[in-house]
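Colleague: Take this sequence and fold it.
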Amino acid sequence: MYGRYETIEDRPALSFERRIPHPVEKVWEAITKPSELEHWFPCRVEVDLRVGGRMTFAFPEGPLPDGASTLLGEVTELDPPRRFAFTWGGDHLHFELEPIEDGAACLLRFAVQLDMREKAARDAAGWHACLDALQRHLAGADGADGADGAAATGPGADWRARYDEYQRRGLPVGAPIPGEPG
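Modeller: Prediction:
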């Protein structure tokens, strides 16, 4: 369940794999539709769902470290309902879905190529929380444990436990933690 730290195309990266007990088509909607993303992704998303399409990520709960409230991205790969990739600021996110169990379930592979290695443990904890929220959403349990996708990525107790575990596993650290003094 924990993600791995590796190098993909000469960049630091995180990779996760989850077995999801839902058909590929249902998971595809959850990772591509803004109305579904709002349940588990760490911000609001607008997307022109085509290769080269623009994406806007809005953070209404608070500004980013540079003071901005939005981040831009672009769809870099789209092969419905199997592959979806896009830039998210300086990171590159890749989703791949593979049907298993005669299509009753799917294997989700999620990789993030990072723009800096020092944020590996911090971002691994955040994406781990997001993927947990995605699974809760698909199971119909939005808000489980009082957290939706956005809330689950902040430095609460669950996030902190994941962050500490990723540090223990040797993932690079050093990036600022939202809400904590630098």
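
Colleague: from here on, contacts and neighbour counts on C-alpha atoms
Modeller: Noted.

Colleague: Output the lowest mean pLDDT helix or strand found in this protein.
Modeller: helix 149-152 (a mean of 42; mean pLDDT, DSSP states H and E).

Colleague: quick one: what helix or strand has the residue sitting nearest the centre point of the chain in it?
Modeller: Taking CA atoms, centre = their mean, the centroid of the chain lies closest to residue 127, which sits 4.3 Å from it. Assigning secondary structure by DSSP states H and E places residue 127 in helix 120-138.

Colleague: Against residue 42, how distant is the residue sitting furthest away from the middle of the chain?
Modeller: Farthest-out residue of the chain from its mean C-alpha position, per CA atoms, centre = their mean: residue 102, at 26.5 Å. Using CA to CA, to the nearest Å, we find residue 102 at a distance of 31 Å from residue 42.

Colleague: Let me see the ranges of the helices in the protein.
Modeller: 24-32, 34-37, 120-138, 149-152, 157-168 (DSSP state H).

Colleague: what angle do the last one and helix 120-138 make?
Modeller: Angle, helix 157-168 to helix 120-138, by axes from the mean of the first three to the mean of the last three CA atoms, to 10 degrees: 140 degrees.

Colleague: Identify the residues contacting helix 157-168?
Modeller: The contact list for helix 157-168, computed with CA atoms under 8 Å, 6 or more residues apart in numbering, reads 121, 122, 124, 125, 126, 128, 129, 152, 153, 173.
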